[in-house]
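Student: Quick one, fold the following:
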Amino acid sequence: METILVVEDDAHIADILTYSLRRDGFTALHATTGAKALEYARTTYIDVVILDVMLPDTTGFELCKQLHLPIIMLTARDDITDKIVGLELGANDYITKPFDIREVLARVRVQLRKQTTVSPTIKLTEGIIIDILAHTVTKHNEVIALKPKEYDLLLLFAEHRNQVFTREAILDTVWDFDFEGGLRTVDVHVQRLRKKLGATIIDTVFGTGYKMA
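Tutor: Sure thing, here's the model as predicted:
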């Protein structure tokens, strides 16, 4: 189920958006501030952001620079300059208030379809993107150098989020059955990924193994 983050401080508009999204089968999250939106982006897999331009603690333009996610800008100002600025800062689409909720839902689906037609990528928290075709990992558009087994380990977790893997299962999958190293090899590679990509990229499940939330 795709997750849509609504960043909107107007309670009435936010209720309309979240209710309609959930009715259409999406998971809808709501943030009233830029700080809360960034917190969601760090801790939750987000497919599309519906982002209001005017927020209590920042602007949608400033937030657009930091999210690195598919963004539909939402504003009451029907100003071509605002639209150009938003698009140049990384927004994917733009809707002006007042809006027809059917148009919003249609534009959300367009963004989701685009994600399935471009080169296969996996988007994680903290602005991390795995480009499977290019065999690269970027964080906030900066390429992160990973060793082959580090990349394979990250991809395993990314493709099976919320699945807990024992160290034995990881060794058998990422390495192979003939690998002569011990279970400590898994711990070392997890530590390296955390150092390069962030401490929260992979969770420890005590007594069992690891998973990616």
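Student: Give me the domain ranges for this protein.
Tutor: According to automatic domain parsing, the chain comprises the domains 3-118, 122-211.
Student: Can you lay out those as a markdown table showing mean pLDDT and mean neighbour count?
Tutor: C-beta: built from backbone N, CA, C; applies to glycine. What follows is those, written out as a markdown table (pLDDT from 0 to 100; neighbours: other C-beta atoms under 10 Å):
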| stretch | mean pLDDT | mean neighbour count |
| --- | --- | --- |
| domain 3-118 | 88 | 17 |
| domain 122-211 | 88 | 15 |
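Student: what's the next secondary structure element after the longest helix anywhere in the chain?
Tutor: Longest helix in the chain by number of residues (criterion: DSSP state H): helix 101-117. Toward the C-terminus, helix 101-117 is succeeded by strand 121-123 as the next helix or strand (DSSP states H and E).
Student: Tell me the helix or strand right after that following strand.
Tutor: Next helix or strand after strand 121-123 toward the C-terminus (DSSP H and E): strand 128-131.
Student: which helices and strands sit right next to the following helix or strand past that next one?
Tutor: As assigned by DSSP H and E, the chain's next helix or strand after strand 128-131 is strand 136-139. Under the contact criterion of 3 or more C-beta pairs under 8 Å, 6 or more residues apart in numbering; DSSP states H and E, strand 136-139 touches strand 128-131.
Student: which strands and helices sit next to the strand it packs on?
Tutor: strand 121-123, strand 136-139, helix 148-159.
Student: Adjacent strands (with direction) for the shortest one?
Tutor: Each strand paired with strand 121-123, and its direction, by DSSP bridges: strand 128-131 (antiparallel).
Student: need the helices and strands packed on strand 128-131 in CSV with distance to Ile50, can you?
Tutor: CSV is the format used below for those (distance: least, C-beta to C-beta, whole Å):
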stretch, distance to Ile50
strand 121-123, 17
strand 136-139, 24
helix 148-159, 25
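Student: mind listing what the nearest residue in space to Lys123 that is not next to it in sequence touches?
Tutor: Of all residues not flanking Lys123 in the chain, Ile129 sits nearest, at 5.4 Å (C-beta to C-beta, 6 or more residues apart in numbering). Contacts of Ile129 were listed using C-beta atoms under 8 Å, 6 or more residues apart in numbering, and they are His68, Thr121, Ile122, Lys123, Val137, Thr138, Lys139.
Student: Out of those residues, which is nearest to Asp203?
Tutor: Asp203 lies nearest to Ile122 out of the contacts of Ile129, by C-beta to C-beta, at 17.1 Å.
Student: the strands in the protein, which residues?
Tutor: Secondary structure of the chain (DSSP state E): strands at 3-7, 27-31, 48-52, 71-75, 93-96, 121-123, 128-131, 136-139, 142-143, 165-166, 203-205, 209-211.
Student: Kindly reformat those strands as JSON lines containing distance to Leu154.
Tutor: What follows is the strands of the chain, written out as JSON lines (distance: least, C-beta to C-beta, whole Å):
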{"stretch": "strand 3-7", "distance to Leu154": "21"}
{"stretch": "strand 27-31", "distance to Leu154": "24"}
{"stretch": "strand 48-52", "distance to Leu154": "24"}
{"stretch": "strand 71-75", "distance to Leu154": "25"}
{"stretch": "strand 93-96", "distance to Leu154": "30"}
{"stretch": "strand 121-123", "distance to Leu154": "9"}
{"stretch": "strand 128-131", "distance to Leu154": "7"}
{"stretch": "strand 136-139", "distance to Leu154": "7"}
{"stretch": "strand 142-143", "distance to Leu154": "14"}
{"stretch": "strand 165-166", "distance to Leu154": "12"}
{"stretch": "strand 203-205", "distance to Leu154": "14"}
{"stretch": "strand 209-211", "distance to Leu154": "11"}
